[in-house]
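Engineer: need a structure here:
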Amino acid sequence: MIETRDLTKVYGRVRAVDRITFTAASGRVTGFLGLNGSGKTTTLRMLLGLSRPTSGTALVNNRRFRDLRNPAQQVGAVLDQGINHPGQTGRAHLVSHAVLAGVPRSRVDVLLEHVGLTHAADRRSGDYSLGMRQRLAMATALLGDPPVLVLDEPANGLDPEGMAWLRRLLREHAGRGGTVLISSHLLAELDQLVDDVVVVADGRIRYAAPLDTLYRAAVRRLRVRGRDPGRLWQAYERAGGRVSADGAALHVSGLSPEDAGEIAFGARVPIYELSIETPNLEQIFLDLAAR
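Structural biologist: Now for the predicted structure:
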């Protein structure tokens, strides 16, 4: 489990992170969302002991990172797209990290196959594509078979097959009781992966809850097309609806589909289309960040 309590980081007069409190639970994938400059990476760096908090605490399984025994066997991390020496082969990179982590070298070949890099194991990692470097970074994070994964933009450079592979890997990890905290700007991918979301903006938490709760709280609109959009617009506004237009279609909030249909019938305007528009994660996130 990951937990932050009033985590704060101040640089001079800038509060990069302001009293952030959230939990990433075991057995679940938590999406950590925010625009550039929102404080996401600073928070992750404090969690991993790479930056000292001004105040507050960041805990992994109830301990600060620096107090963990065998941290590579407790936490696997991908930050900065996985730093590796371009002159090393993928295998040599993993072997050196295995030695530092106290992990048997036999695990290297297992992980090379697990992340789909067996064919490139003896090539210089400097010749890898971005997607291959991301796979190597994931293999490095998994070396110690840690129960907790902290991942900052792990999907950058992955093709569709790579995206599907990453989703399976992380869902399986959570399914075994592991904890996953993942930051990504690929919100359509996170929509298919995460159980919980934490949204930050200007260094503060804007929302922290299960994903399905976020969707239930989101404002749903109706898309309506009819013979006379002007008359429909007036009728919906008189009934208390909020209306905007996109070409021939009206977007209506504040009314149920049943209400919209009855109002159109009462206004004697034939309806060609009446559907519910459910916002996606990207739309919801941008609205929360803007607020």
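Engineer: Mind jotting down where the helices sit in the stretch 1-150 of the chain?
Structural biologist: With DSSP state H, counting those that start in this stretch as the criterion, the stretch 1-150 of the chain has helices at 40-47, 90-101, 106-114, 130-142.
Engineer: nearest to residue 225, of those helices?
Structural biologist: helix 40-47 (40.1 Å; CB to CB). Bear in mind the C-beta positions are built from the backbone N, C-alpha and C, glycine included.
Engineer: tell me how far that closest one is from the chain's mean position?
Structural biologist: With CA atoms, centre = their mean, to the nearest Å as the basis, helix 40-47 stands 14 Å off its chain's centre.
Engineer: Give me the helices and strands touching it, please.
Structural biologist: On a contact count with 3 or more CB pairs under 8 Å, 6 or more residues apart in numbering; DSSP states H and E, helix 40-47 meets strand 2-11, strand 14-24, strand 29-33, strand 55-60, strand 148-152, strand 179-183.
Engineer: Who are the packing partners of the longest one?
Structural biologist: Meaning strand 14-24. strand 2-11, helix 40-47, strand 55-60, strand 179-183, strand 196-201, strand 204-210.
Engineer: Now stretch 29-47: buried residues?
Structural biologist: 29-35, 38-47 (16 or more other CB atoms under 10 Å).
Engineer: picking up where we left off before, now render the helices and strands packed on helix 40-47 as a markdown table, adding distance to residue 69.
Structural biologist: As requested, the helices and strands packed on helix 40-47 are exported to a markdown table (distance: least, CB to CB, whole Å):
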| stretch | distance to residue 69 |
| --- | --- |
| strand 2-11 | 17 |
| strand 14-24 | 21 |
| strand 29-33 | 24 |
| strand 55-60 | 12 |
| strand 148-152 | 14 |
| strand 179-183 | 18 |
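Engineer: In CSV, list these along with distance to residue 288 and mean pLDDT.
Structural biologist: As requested, those are exported to CSV (distance: least, CB to CB, whole Å; pLDDT from 0 to 100):
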stretch, distance to residue 288, mean pLDDT
strand 2-11, 19, 96
strand 14-24, 14, 95
strand 29-33, 8, 94
strand 55-60, 22, 96
strand 148-152, 20, 95
strand 179-183, 15, 95
